[in-house]
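Take this sequence and fold it.
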Amino acid sequence: MLPAALRPDGALELVIFDCDGVLIDSEGPSCRMIAHDLRQYGREISDDEAIHRFAGHALTALKHEIEQAEGIALPGDWPARMQRNLVTLMRNEAETIDGAPAMLRGVADLGLPYRIGSNSSVAEMEAKFGRTGLDVLIAPQYIHSARDMGQPKPDPAVYLAGAKAQGVSPGNCIVLEDTDTGARAAQAAGMGCVLLRPADLPAPTWPGLLRIAHLDEFVPLLRRILTTQGRGEGAHA
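Numbers count the residues shown, from 1 in each chain. Modelled structure (predicted):
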């Protein structure tokens, strides 16, 4: 059955955004940083390969994946060190995904509350939002970190935490994601999910998973959903 957020007889009450790849264009810089670090261990991993392999992965899980794939032992503090480096990197290099500020304003204009659920730490997200100016649109109390919870995606915990904090049922939420890992977390949470991905790239499919190719498609999609539920633009969930 479709989540209530997507059904004509249901109600969309909350939007939850992933951060990296949805609001902030940080995957490239962060994966290149990891590739550079791994080259210090003698692993010839190109920047492009790093983006393909590491994007969307939590650092703790990534350490294990790299060790298994590359046959090396990374220091125990590697995730924490990479995390500190990422905060500094994002404070200086983070940029928004094209259309992100206008999209957030559009969601608010529909009368829908929104929260952030990310594998990034709160400190990292605050650095990204401060650098890009999104901190004006995203209050700190609406930021949820799977890393800080110790339950990275595809565990649904961060999305469930966002719904609980808002006081809404998970089924009344829609998540905007860009990775298969994040989409699986939304599915496991029982939420609707919209996958942001270019049309020429493969994507999973299941009931409750929609797809857009650009952020400027998201607000019109939400408007259509609200209309089918008998609510017009500006109606509060």
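
all strands for the chain, in order.
14-17, 114-118, 143-145, 173-177, 192-196, 209-212 (DSSP state E).

Which residues does the third one contact?
With CB atoms under 8 Å, 6 or more residues apart in numbering as the test, strand 143-145 has contacts from 115-122, 125-126, 158, 161-162, 165. Quick note: C-beta positions are derived from backbone N, CA and C, even for glycine.

Next, the buried residues of the longest helix along the chain.
Counting by DSSP state H, the longest helix found in the chain is helix 78-93. Judged by neighbour count using 16 or more other CB atoms under 10 Å, the buried positions of helix 78-93 are 78-79, 82-83, 86-87, 89-90, 93.

thinking again about what came up before, most packed of the strands of the chain?
strand 173-177 (a mean of 28; mean count of other CB atoms under 10 Å).

mean confidence score for that strand?
Predicted confidence along strand 173-177 averages 98 (mean pLDDT).

just stretch 102-120 next, same as before
Stretch 102-120 comes out with an average pLDDT of 97.

Buried ones in that stretch, by neighbour count?
Residues of stretch 102-120 classed as buried by neighbour count (16+ other CB under 10 Å): 103-104, 106-107, 110, 112-120.

Which of those sits closest to R231?
The nearest member of these to R231, counting by CB to CB, is L110 at 8.9 Å.

so the closest one touches T227, yeah?
No - in this structure, L110 sits apart from T227 without contact. The criterion is CB atoms under 8 Å, and the distance is 10.5 Å.

how does the protein divide into domains?
4-26+95-228, 27-93 (automatic domain parsing).

Just the endpoints, please. Distance across the shortest one?
By CA to CA, to the nearest Å, the extent of domain 27-93 from end to end equals 11 Å.

Show me what the mean pLDDT comes to for that domain.
Across domain 27-93, pLDDT averages out at 88.

Distance from the chain centre to it, please.
Taking the mean of its C-alpha atoms, domain 27-93 sits 18 Å from the chain's own mean (CA atoms, centre = their mean, to the nearest Å).

Same question for stretch 149-165.
Chain-centre distance of stretch 149-165: 12 Å, with CA atoms, centre = their mean.

Just the buried residues of that stretch, please?
Of the residues in stretch 149-165, those with enough neighbours to count as buried (16+ other CB under 10 Å) are 151-163.

Show me the helices in this protein, by range?
The residue ranges that make up the helices of the chain, judged by DSSP H, are 27-39, 47-54, 59-70, 78-93, 100-109, 122-132, 146-149, 157-166, 180-189, 218-228.

Dump those helices to CSV, plus distance to P202.
Formatted as CSV, the entries for the helices of the chain read as follows, by distance: least, CB to CB, whole Å:
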stretch, distance to P202
helix 27-39, 18
helix 47-54, 13
helix 59-70, 21
helix 78-93, 28
helix 100-109, 24
helix 122-132, 28
helix 146-149, 25
helix 157-166, 23
helix 180-189, 9
helix 218-228, 21
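
returning to that earlier point: what's the closest of the contacts of strand 143-145 to L23?
So of the contacts of strand 143-145, ranked by how close each gets to L23 (CB to CB), first place is I116, at 7.5 Å.

and the closest one, what does it touch?
The neighbourhood of I116, defined by CB under 8 Å, 6+ apart, consists of 16-19, 23, 125, 138, 142-144, 162.

Turn those into JSON lines, including pLDDT.
Shown next, in JSON lines, are these (pLDDT from 0 to 100):
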{"residue": "I16", "pLDDT": "98"}
{"residue": "F17", "pLDDT": "98"}
{"residue": "D18", "pLDDT": "98"}
{"residue": "C19", "pLDDT": "96"}
{"residue": "L23", "pLDDT": "97"}
{"residue": "M125", "pLDDT": "94"}
{"residue": "I138", "pLDDT": "97"}
{"residue": "Y142", "pLDDT": "98"}
{"residue": "I143", "pLDDT": "98"}
{"residue": "H144", "pLDDT": "98"}
{"residue": "G162", "pLDDT": "98"}
